[in-house]
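Undergrad: Output the structure for:
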Amino acid sequence: MPGETRTALIQLLLAEVLIGSVGVFVHESGQDPVTAVFFRCVFGSLFLLAWGWSRGLLQDLWRDVALLRAAAISGVLLVLNWVLLFAGMERSSIGVATMVYHFFPFAMLAFAALFYGERTRAVDIAWSALAFVGVLLSADPQRLWREADAGYLFGIALTFGAALLAGASLMMSRRISRQRPLAVVLVQCMVGIVLLAPFADIAAVAVPGAHWWWLAGLGLIHSGVCYVLMYSAYPRLPVGTLAVIAFVYPGVALLLDYLLYGQALGLLQGAGLALIVLGTLGVNLKWRLLRTRSDAAAAIECGEPEHAASR
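TA: Numbering: from 1, shown residues only. So this is what the prediction gives:
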């Protein structure tokens with residue numbers, strides 16, 4: 001393996017491990033989802049602004065009206081996605097919410113077909129359906145059947161809504177983010193500050209305490225360091241590698257949820273996770289159940305799958 005590829009692989013692995021702890025940081029901060037996301041945007045903006053300025057990545061950004069407009073609109077969706085995801089974690093668990101949330105690549109696939117007219121291979125629809133079954137199983141249907149826990153069910157619904165918003169945000173920003181990805185994330189974080197400032201409970205965190213470290217970590221680590229590592233690694237790694245390494249994030253989230261909070265997966269949830277992994281790899285690696293002429297044409301038209309950070 002060439003040295004440059006090895007470095008990119010290490011960077012991406014580190015980023016996925018770090019992003020897998022986002023739920024722990026939210027939980028340990030003790031703040032409501034809106035307040036947690038607000039400070040994630042504040043500290044994330046500070047980091048990305050300093051990094052982008054020092055690297056010359058923000059030159060003439062204010063002149064790029066098309067980028068600013070698209071980043072602002074997609075930023076609203078991205079920030080609301082974070083709020084719903086954190087609220088879903090609060091009502092279910094970090095591990096379960098993370099698994100359900102990983103339906104977002106398939107939501108992106110559906111939006112691409114519905115709103116942009118992009119052709120979707122029939123086999124990708126099959127893989128997406130398989131992954132959706134996995135999402136249903138990962139929500140712990142046995143618990144819902146036994147306990148009829150309305151709060152837990154609402155948490156699952158919030159997380160599924162977060163996945164839809166993440167897919168929509170990525171769909172809107174994917175073309176512009178290829179050129180200036182960190183600038184796009186910076187604009188999105190700034191949009192989050194403006195959007196959530198009236199609703200964040202800033203007074204609740206005014207008193208010094210450990211919560212400040214967790215909130216700062218959400219922005220500096222999860223919206224700063226992780227995104228820098230990811231976007232610097234993506235161009236230097238093949239799509240297959242990106243598709244496989246993407247599962248480090250839910251793996252770390254599940255492990256931390258078990259080690260720190262005692263949340264273990266049931267048998268059906270484990271099967272659900274396996275189906276989500278299988279469906280995601282099937283789409284990203286362009287696996288074919290049956291090779292057909294139409295599938296081959298669609299694959300050529302669609303090109304390589306895309307990978308983006310939305311966590």
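Undergrad: And the helices in the stretch 51-200 of the chain, which stretches?
TA: Counting by DSSP state H, counting those that start in this stretch, the stretch 51-200 of the chain has helices at residues 65-91, 94-101, 104-115, 122-138, 141-147, 150-177, 181-196.
Undergrad: Leu182 versus Leu229, what's the distance?
TA: Remark: distance between Leu229 and Leu182 (Cβ to Cβ, to the nearest Å) = 11 Å. All C-beta spots, glycine's among them, are computed from the backbone N, C-alpha and C.
Undergrad: Ile19 now?
TA: From Ile19 to Leu182 the distance is 16 Å (Cβ to Cβ).
Undergrad: Compare these two (neighbour count), which wins?
TA: Neighbour count, other Cβ atoms under 10 Å: between Ile19 and Leu182, Ile19 has more, with 23 against 20.
Undergrad: quick revisit: would CSV of the helices of the stretch 51-200 of the chain with mean pLDDT and distance to Gly56 be doable?
TA: Shown next, in CSV, are those (pLDDT from 0 to 100; distance: least, Cβ to Cβ, whole Å):
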stretch, mean pLDDT, distance to Gly56
helix 65-91, 94, 16
helix 94-101, 90, 34
helix 104-115, 81, 31
helix 122-138, 84, 39
helix 141-147, 70, 52
helix 150-177, 86, 18
helix 181-196, 94, 11
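Undergrad: deepest of those, which one?
TA: The highest mean neighbour count among the helices of the stretch 51-200 of the chain, using mean count of other Cβ atoms under 10 Å, belongs to helix 94-101: a mean of 27.
Undergrad: Show me how far that helix is from its chain's centre.
TA: 11 Å (Cα atoms, centre = their mean, to the nearest Å).
Undergrad: ok, Leu265 - contacts?
TA: Contacts for Leu265 (Cβ atoms under 8 Å, 6 or more residues apart in numbering) come out as 95, 254, 258, 273.
Undergrad: Show me the two of the residues you listed that sit farthest apart.
TA: Largest separation among the contacts of Leu265 by Cβ to Cβ: Tyr258 and Leu273, giving 12.9 Å.
Undergrad: neighbour-wise, which of the two wins?
TA: Leu273 (23 against 15).
Undergrad: right, and the helix or strand after the host helix or strand of Ala8?
TA: Ala8 is located in helix 3-19, with elements delineated by DSSP states H and E. Sequence-wise, the next helix or strand downstream of helix 3-19 (DSSP H and E) is helix 22-29.
Undergrad: quick one: Leu254 and Val96 touch, right?
TA: No. Here Leu254 does not reach Val96: they are 9.0 Å apart, not a contact under Cβ atoms under 8 Å.
Undergrad: In TSV, list the contacts of Leu265 along with distance to Ala107 and secondary structure.
TA: Converted to TSV, the contacts of Leu265 look like this (distance: Cβ to Cβ, whole Å; DSSP: H, G, I helix; E, B strand; the rest coil):
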residue	distance to Ala107	secondary structure
Gly95	20	helix
Leu254	21	helix
Tyr258	27	helix
Leu273	18	helix
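Undergrad: Looking at these, which is nearest Gly23?
TA: Out of the contacts of Leu265, the member with the shortest distance to Gly23 (by Cβ to Cβ) is Gly95, at 8.1 Å.
Undergrad: Can you tell me, leaving aside adjacent residues, what's nearest to the closest one?
TA: Counting by Cβ to Cβ, 6 or more residues apart in numbering, Asp257 is the residue found nearest to Gly95 once chain neighbours are left out, at 3.8 Å.
Undergrad: do the same with Gly30
TA: Excluding its sequence neighbours, the residue lying closest to Gly30 (Cβ to Cβ, 6+ apart) is His211, at 5.4 Å.
Undergrad: Please give me every residue in contact with that neighbour.
TA: When contacts are counted by Cβ under 8 Å, 6+ apart, His211 touches 28-31, 205.
Undergrad: what about it, distance to Ser54?
TA: Distance from His211 to Ser54, counting by Cβ to Cβ: 29 Å.
Undergrad: Run through who's touching stretch 218-229.
TA: Stretch 218-229 is contacted from outside by 11-12, 14-15, 18-19, 21-22, 25-26, 29, 36, 39-48, 51, 181-182, 185, 189, 309, 311, using Cβ under 8 Å, 6+ apart.
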